[in-house]
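# no FASTA, just this:
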């Protein structure tokens, strides 16, 4: 049975990914900063027929928390097949480039960018023990520099000095990591689930969590000949589903 760790998985899109991967027969580690909240979610999932899910405490901004989670998974599984870096924060609003404080920007980067790096580097050892390791970095269309430079883009006016820049940095890291691991069996991709109605954005997005999660699952459970180092978006309406960087 393949194992997967999903950070920030106790609600919204992350929780729906947990459900869908559980139904596909994977053993799912539901990452949550608050272990008791995570356990409560798992209890509810079990009561609704979802199996092979375990809550695990992981705060992506805390190195001790990350290493403790790694030791737990290593002792129980011996390896990790899939890492989905889903945890993220929006930050304060508005996020004007002219006056958003360095402290606010750093707080968002600590979770959305440095947190991903910390988790990924910690779990690479276990991922390398998998026959078909996958790393999915959950990003946003707001991280696309190409789209942000296009006045015809439907979200052109949404500029965020903290959130969007952190996702652009995450995209760049994804490219670097995918290149470094390209000779191995890794598939490392940035996945944008699209503008989805969640607590994250006060349910302003047009997409559903079911569609968002399904898109993440689709581009995570890939075959051996699948691409790596790509940027897939649920908001791109063509057969490639690739977003410009």
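Perfect, I can see it now. On a predicted model such as this, the values are computed, not experimentally measured, just so you know. Numbering: from 1, shown residues only.

# switch to C-alpha atoms for all contacts and neighbour counts from now on
Will do.

# quick one: contacts for residue 92?
Residue 92 is in contact with residue 104, counting by CA atoms under 8 Å, 6 or more residues apart in numbering.

# which SS state does it fall under?
Following DSSP: H, G, I helix; E, B strand; the rest coil, residue 92 is assigned to coil.

# And for the closest residue to residue 144 other than its chain neighbours, the neighbour number?
Leaving aside its chain neighbours, residue 144 sits nearest to residue 245 (4.9 Å; criterion: CA to CA, 6 or more residues apart in numbering). For residue 245, the count of nearby residues is 16 (other CA atoms under 10 Å).

# separation between residue 245 and residue 229?
Using CA to CA, to the nearest Å, one gets 11 Å for the distance from residue 245 to residue 229.

# swap in residue 179?
7 Å.

# So for those two, which sits in the more crowded spot?
More crowded of residue 179 and residue 229, by other CA under 10 Å: residue 229, with 21 against 15.

# check contacts around the more buried one.
174, 175, 177, 178, 179, 187, 188, 189, 190.

# Relative to residue 12, how far out is it?
26 Å.

# swap in residue 79?
As for residue 79, its distance to residue 12 is 27 Å (criterion: CA to CA).

# my read: residue 66 touches residue 119, true?
Yes - at 6.3 Å, residue 66 and residue 119 qualify as touching, with contact defined as CA atoms under 8 Å.

# if you count what's nearby, which of the two comes out ahead?
Just comparing residue 66 and residue 119: by other CA under 10 Å the higher neighbour count belongs to residue 119, 25 against 20.

# Next SSE downstream of the lengthiest helix in the chain?
Identified as the longest helix of the chain according to DSSP state H is helix 163-180. Using DSSP states H and E, the helix or strand that follows helix 163-180 in sequence is strand 187-192.

# how far out from the middle of the chain is the helix or strand just after that following strand?
Downstream of strand 187-192, the next assigned helix or strand under DSSP H and E is helix 209-218. Centroid displacement of helix 209-218 relative to its chain, using CA atoms, centre = their mean, to the nearest Å, is 12 Å.

# now do stretch 18-37
Remark: stretch 18-37 is offset 13 Å from the chain centroid, using CA atoms, centre = their mean.

# dump the residue contacts of the residue nearest the centre of the chain.
Geometric centre of the chain, nearest residue: residue 86, 2.5 Å, by CA atoms, centre = their mean. Neighbouring residues of residue 86 by CA under 8 Å, 6+ apart: 6, 7, 8, 9, 14, 137, 138.

# measure stretch 227-242 end to end?
Using CA to CA, the two ends of stretch 227-242 sit 11 Å apart.

# Now residue 7. Nearest residue, chain neighbours left out?
Once flanking residues are discounted, residue 7 sits nearest to residue 31: 4.4 Å by CA to CA, 6+ apart.

# circling back to that earlier point, roughly how far apart are the residue nearest to the centre of the chain and residue 7?
Residue 86 is 5 Å from residue 7, by CA to CA.

# Report the set of residues contacting both of those two.
Shared contacts of residue 86 and residue 7, counting by CA under 8 Å, 6+ apart, come down to residue 14.

# Distance from the helix or strand containing residue 71 to the middle of the chain?
Taking DSSP H and E as the criterion, residue 71 maps to helix 63-77. In terms of CA atoms, centre = their mean, the gap separating the centre of helix 63-77 from the centre of its chain is 18 Å.

# in the host helix or strand of residue 17, what's buried?
According to DSSP H and E, residue 17 maps onto helix 12-23. Of the residues in helix 12-23, 12, 13, 14, 15, 16, 17, 18, 19, 20, 21, 22 count as buried by neighbour count, 16 or more other CA atoms under 10 Å.
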